[in-house]
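Visitor: I need the structure of the sequence given here:
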Amino acid sequence: LLSEYVTTRVACLHWIYMLHDKDPVETNNFIGDLLPALLKTISDTADEVVLINLQVLAHICLEEVQFNRVLNSLVQLFLEDRSLLETRGALVIRKLCSLLDCSSIYMALAKILRGKSDLEFTSLMVQTLNLILLTAPELAPLRRCLKGSFQPGAAQQDRQTFDAVFLCWTHNAVATFSLCLLAQAYRLSSLLIQKFAEVDVTVGFLMQID
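Guide: I've put the predicted structure just below:
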């Protein structure tokens, strides 16, 4: 993966994917060595390499333990490198959501972010995730789930999904408001608007609303 040639890096990633596909149990024994290299490859200058790398990470995530491990490591990577979150964050999240269950990814990320002490980072990450949620076609299933969460006869899973996302989204006022509108939770939305009157208005706040 350190080769200067894109074709070599691509071939290496295909090899890792094949090994994990053939013998995931044995390959998972080496995840501790592989994962740092795969995470570093997210910042590769070649989009082709990054996309194949995300396919490898998604394949590793098929096992629940590795799923949580990869997402925790991914959040920590973005925490330590804010510029990477800005340049690659949307691509990474959207690609993983296209390869895995988007609701599971968002619920897991929400749980991870609630445990972070850096509230500025959490708010920034929520802002990024919320924009993806509202606009990306890969998130259409999650949007449908949230839109039905306040309807009569809503499935319990839909309500649990909203609750999990909402608890994390409260780190960002505008994201929380847009989530409530998406879920058609209009009573909750109106209460939030009243609370906005108590919030110090900043340029960032106004830009998010816009």
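Visitor: and stretch 191-198, average pLDDT?
Guide: Averaged over stretch 191-198, pLDDT sits at 78.
Visitor: same check, this time on stretch 8-18
Guide: For stretch 8-18, mean pLDDT rounds to 96.
Visitor: can you list the buried residues in it?
Guide: Across stretch 8-18, burial judged by 16 or more other CB atoms under 10 Å covers Arg9, Val10, Cys12, Leu13, Ile16, Tyr17. Bear in mind the C-beta positions are built from the backbone N, C-alpha and C, glycine included.
Visitor: among those residues, which lie within strands?
Guide: Using DSSP state E, no member of these sits in strands.
Visitor: what's the neighbour count on Ser43?
Guide: Close neighbours of Ser43, defined as other CB atoms under 10 Å, add up to 13.
Visitor: the closest residue to it other than its chain neighbours: how many residues sit nearby?
Guide: Distances taken as CB to CB, 6 or more residues apart in numbering place Leu84 nearest to Ser43, at 5.7 Å, with adjacent residues excluded. Applying other CB under 10 Å, we find 15 residues neighbouring Leu84.
Visitor: try the one 10 residues further on
Guide: Counted with other CB under 10 Å, the neighbours of Arg94 add up to 18.
Visitor: right, and it touches Leu142 too?
Guide: No: in this structure, Arg94 is not within contact of Leu142 by CB atoms under 8 Å, at 11.9 Å.
Visitor: in which helix or strand does Val50 reside?
Guide: Assessed by DSSP states H and E, Val50 sits inside helix 47-60.
Visitor: please state the offset of that helix from the chain centre?
Guide: 15 Å (CA atoms, centre = their mean, to the nearest Å).
Visitor: what's the separation between the nearest residue to Val50 once chain neighbours are set aside and Ser178?
Guide: Among residues not flanking Val50 along the chain, Asp44 sits closest, at 5.3 Å (CB to CB, 6+ apart). Per CB to CB, to the nearest Å, Asp44 is found 32 Å from Ser178.
Visitor: next, count neighbours for the closest residue to His14 other than its chain neighbours.
Guide: Once flanking residues are discounted, His14 sits nearest to Ile52: 6.9 Å by CB to CB, 6+ apart. Number of residues near Ile52 (other CB under 10 Å) recorded here: 21.
Visitor: and Ile52, what pLDDT?
Guide: Per-residue pLDDT puts Ile52 at 97.
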